[in-house]
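Undergrad: 3D, please:
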Amino acid sequence: MSTTSHHDVAIVGAGIVGLAHAWEAHRRGLRVVVVDAAAGPHGASVRNFGHACITPQTGAAAVFANEARGRWLELAVRAGFTARETGTLVVARRPEELAVVEEFAAATRGPVELLTATAATARIPVAPDEVVGGAFLPADLQVDPRTATPAIAAFLAAEGVDFRWRTSATGVTSGTLATTRGDIAAATVVVATNHDLDRLFPEIAERARLVRCRLHMLRATPALRAPLVAPLFTGWSLLRYSGFATQPSADALRDRLQREMPEGVALDLNQMVTQHVDGSLILGDTHERGIDATPFESEAGFDLVIRETKRLFGVEDVPVVERWQGVYASSPDREFVIEQPEPGVHVVTVASGIGMTTGLGIAPFTFDGTAADIAAGTLPSSPVTTTLQETR
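TA: So this is what the prediction gives:
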């Protein structure tokens with residue numbers, strides 16, 4: 001008896017990118033199956049800050065992020081999780097940081113509100129002594145990553161998407177996805193396995209120089225002088241997002257941080273913070289790259305994050321509730337690895353740590369056949385602004 005099942009679209013990976021493609025296919029009236037080796041969402045999509053950082057993206061990331069924004073808000077209503085239009089706060093504690101923020105505000109077409117030092121300290125519960133200014137990016141969103149991704153999966157399952165948990169993909173060819181629970185016949189297969197792309201397509205991963213990036217991350221409950229109402233960027237964050245990092249003053253900021261805190265540069269620190277509905281803070285993060293994500297996290301990374309959190313907020317104690325290792329795909333050459341190795345087979349990997357920001361926005365372009373060209377910069381495109389009509 002044949003073990004082959006038949007679907008229009010098979011998705012490998014139930015992280016945010018895989019779920020985005022499952023939702024888009026379902027919206028188009030297609031029969032969808034999702035396979036994942038785990039028993040539920042446990043990867044990068046639940047280990048992050050829960051921040052959809054729309055405003056500072058450029059190029060393909062801006063196209064995907066702007067499309068994702070509307071989809072986050074729509075899915076929140078449909079799937080029953082919270083997506084808050086909090087925006088992002090930026091605190092500048094050095095003149096070089098303020099220069100980058102001001103240059104970005106002058107250069108960008110997106111909404112940016114510059115803040116004086118007085119306004120910044122009034123809106124952000126940081127230690128006021130070093131603050132020289134800041135900004136507010138109103139278009140950005142915040143979700144709880146631990147509830148949003150599972151809620152989307154549950155919503156899609158209730159809508160009729162077939163989920164096969166604890167099922168590993170063992171091979172992909174045109175028209176067929178081989179798994180540990182039998183073959184799946186599908187006209188379209190989307191491989192959205194993030195850093196595990198090399199398990200199915202090692203040659204693509206190697207060509208893209210894709211590695212695993214390990215992060216030190218914490219959840220803590222320091223006593224702030226006021227709630228943190230939006231995700232918070234510091235000067236370290238300004239060197240990570242292309243809209244900021246390409247400004248003329250970015251090199252001067254990079255040089256100053258290298259002089260003042262070489263350990264932060266060595267651990268590739270991105271000091272940012274989000275506060276969630278229970279009042280706890282997600283703190284992070286560092287970045288260490290390698291082909292494998294070794295399980296051993298040095299205490300130096302956690303010490304650095306805790307020390308800088310005390311300094312940022314002017315608190316003496318940062319009670320830690322949880323520590324964990326984030327892992328995501330990273331490439332030195334590309335923000336996205338989007339390829340079609342065989343007819344009907346699509347590889348989609350966010351290789352820059354902005355999966356929550358862009359993942360939901362890639363899917364419509366994948367099914368329209370333009371995602372790879374947008375990612376490569378060969379097909380400039382405006383974000384999709386209309387809601388696709390359901391065909392079911």
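
Undergrad: Ile362 contacts Ile338, correct?
TA: Yes - counting by CB atoms under 8 Å, Ile362 touches Ile338, with 7.4 Å between them. Quick note: C-beta positions are derived from backbone N, CA and C, even for glycine.

Undergrad: More neighbours: which of those two?
TA: When Ile362 and Ile338 are compared for neighbours, Ile362 comes out ahead with 32 against 24, by other CB atoms under 10 Å.

Undergrad: that older thread, report the set of residues contacting both of Ile362 and Ile338.
TA: Residues touching both Ile362 and Ile338 (CB atoms under 8 Å, 6 or more residues apart in numbering) are Val348, Ala371.

Undergrad: So for the helix or strand hosting Glu102, mean pLDDT?
TA: Glu102 is part of helix 95-107, with elements assigned from DSSP states H and E. In this model, helix 95-107 has a mean pLDDT of 97.

Undergrad: List the buried residues of that helix.
TA: Glu96, Glu97, Leu98, Ala99, Val100, Val101, Glu102, Glu103, Phe104, Ala105 (16 or more other CB atoms under 10 Å).

Undergrad: go on, stretch 250-264?
TA: Buried, per 16+ other CB under 10 Å, within stretch 250-264: Ala250, Leu253, Arg254, Leu257, Met261, Gly264.

Undergrad: what bits of this protein have low per-residue confidence?
TA: Applying pLDDT under 70 to the chain flags the ranges 1-3, 379-392.

Undergrad: Could you pull out the helices in it for me?
TA: Residue ranges of the helices in the chain, as given by DSSP state H, are 16-27, 59-79, 95-107, 117-123, 145-158, 197-200, 202-207, 235-238, 242-245, 250-260, 262-266, 299-313, 355-368, 371-376.

Undergrad: Compare those helices and report which one is nearest to Leu218.
TA: Leu218 lies closest, by CB to CB, to one member of the helices of the chain: helix 299-313, at 5.9 Å.

Undergrad: Not counting the closest one itself, show me its contacts.
TA: By CB under 8 Å, 6+ apart, the surrounding residues in contact with helix 299-313 are 91, 125-127, 216, 218, 220, 222, 224-225, 234, 263-264, 267, 269, 271, 273, 281, 283-286, 288, 315-318, 320, 323.

Undergrad: What are the contacting residues of stretch 88-106?
TA: With contact meaning CB under 8 Å, 6+ apart, stretch 88-106 is reached by 51, 53, 55-56, 112, 114, 120, 123-124, 126, 130-137, 140, 228-235, 237-238, 243-244, 247-250, 252-253, 256, 312.

Undergrad: Pull out the buried members of these.
TA: Applying 16+ other CB under 10 Å to the contacts of stretch 88-106, the neighbour count classes 51, 53, 55-56, 112, 114, 120, 123-124, 126, 131-137, 140, 228, 230-235, 237-238, 243-244, 247, 249-250, 253, 312 as buried.

Undergrad: Can you give me the neighbour number for Phe296?
TA: Counted by other CB under 10 Å, the residues lying close to Phe296 total 6.

Undergrad: still on that earlier bit, ok, which of the helices of the chain comes nearest Val327?
TA: Val327 sits nearest to helix 355-368 of all those, at 11.6 Å, using CB to CB.

Undergrad: just the angle between the closest one and helix 59-79, please?
TA: In terms of direction (axes from the mean of the first three to the mean of the last three CA atoms, to 10 degrees), helix 355-368 departs from helix 59-79 by 100 degrees.

Undergrad: Only the buried residues of helix 355-368, if you could.
TA: 355-367.
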